[in-house]
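Student: Okay, here's the prediction I keep looking at, along with the sequence it came from:
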Number of protein chains: 2
Amino acid sequence: MNIQFKKGVLELCVFAILEDGDCYGYELVNKISKNITISEGTIYPLLRRLTKEGYFKTYLVESSEGPPRKYYKITPEGLVVYKNLKKQWFSFVEGVNNVIERGDDSE
Amino acid sequence: MNIQFKKGVLELCVFAILEDGDCYGYELVNKISKNITISEGTIYPLLRRLTKEGYFKTYLVESSEGPPRKYYKITPEGLVVYKNLKKQWFSFVEGVNNVIERGDDSE
DNA sequence: CAAACTACCTTGCATAGCAATGTAGTGAAC
DNA sequence: GTTCACTACATTGCTATGCAAGGTAGTTTG
């Protein structure tokens, strides 16, 4: 899979999944992996960053299957950023499709 | 516009436009700019790289409106790479849409 | 206690886009 | 006749993000 394509989009994916319900990091990796190749080394720093920026809050939950899980919950600010990012993504894809399908738009 | 989204995709756009007919750098910037914000500082290094990798050939054409134009022509190898990249792009977009729309796929 | 799984985390590297800047040619304005 | 705007090429240093590779620690199975 083309690594470059993912730049900025994984952030959007994480937002989208968390909007549907709180998750912990390892769970996010597994969910995203069903559709896009992703590694833990990508997700954890991303979650830290977005938490630091105030878009997520975290809480720990004990697990009977391993170490405690750090759950991430989207904040109201995060929700605003997410909706904006989602719009940008769709309009970007539309722009790319215009270029690809017509090579050019006018004339 | 989100800069990160463009990573790797501008390459695809350049391929797509050149598949439709030879262009010079400045022209490519203008064509892509109709749909996606782009700067010259991005396009010229990209064209150099893809030419060096054997995906484009170039030829100069005098212009009455300024300095000579360097036209880029896609090579057979370039065409193969382009078709592959295009497939990857569409499958990537599909994957992202799956994540965004369902948050998850299974269950 | 070793292997396999869950679950967290960090470091250094590669990549691509961009702003800023520079060079030259043409043509119009003043 | 020189200043401005446009065409058209190009380079440098910066930034951001994803990844491989590595590590820590808890649980369960043998």
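Tutor: Ah, there it is.
Student: Please enumerate residues in contact with stretch A:72-80?
Tutor: For stretch A:72-80, contacts defined as Cβ atoms under 8 Å, 6 or more residues apart in numbering or on different chains pick out A:15, A:18-19, A:22-25, A:28, A:47, A:50-51, A:54-59, A:82. Using the backbone N, CA and C atoms, a C-beta is placed for each residue, glycine as well.
Student: among the residues you listed, which are within reach of DNA strand C?
Tutor: By Cβ under 7 Å from any atom of the strand, the members of these lying near DNA strand C are A:24-25, A:47.
Student: Specify which member of the residues you listed is nearest to chain B.
Tutor: Top of the list for closeness to chain B, among these and by Cβ to the nearest Cβ, is A:Tyr24 at 14.0 Å.
Student: Please report the number of neighbouring residues for the closest one.
Tutor: Look at A:Tyr24: counted by other Cβ atoms under 10 Å in any protein chain shown, it has 18 neighbours.
Student: Repeat that for A:Gly54.
Tutor: 12.
Student: Assign a three-state SS to A:Tyr71, would you?
Tutor: strand (DSSP: H, G, I helix; E, B strand; the rest coil).
Student: Give me the neighbour count for it.
Tutor: 18.
Student: what does chain A have sitting close to DNA strand D?
Tutor: Applying Cβ under 7 Å from any atom of the strand, we find that chain A lies next to DNA strand D at A:1, A:3, A:6-11, A:37-42, A:45-46, A:49, A:64-67.
Student: Buried by neighbour count: which residues of the lengthiest helix in chain A qualify?
Tutor: Determined from DSSP state H, the single longest helix within chain A is helix A:76-102. By neighbour count on 16 or more other Cβ atoms under 10 Å in any protein chain shown, the buried set for helix A:76-102 is A:78, A:81-82, A:85, A:89, A:92-93, A:95-96, A:98-100, A:102.
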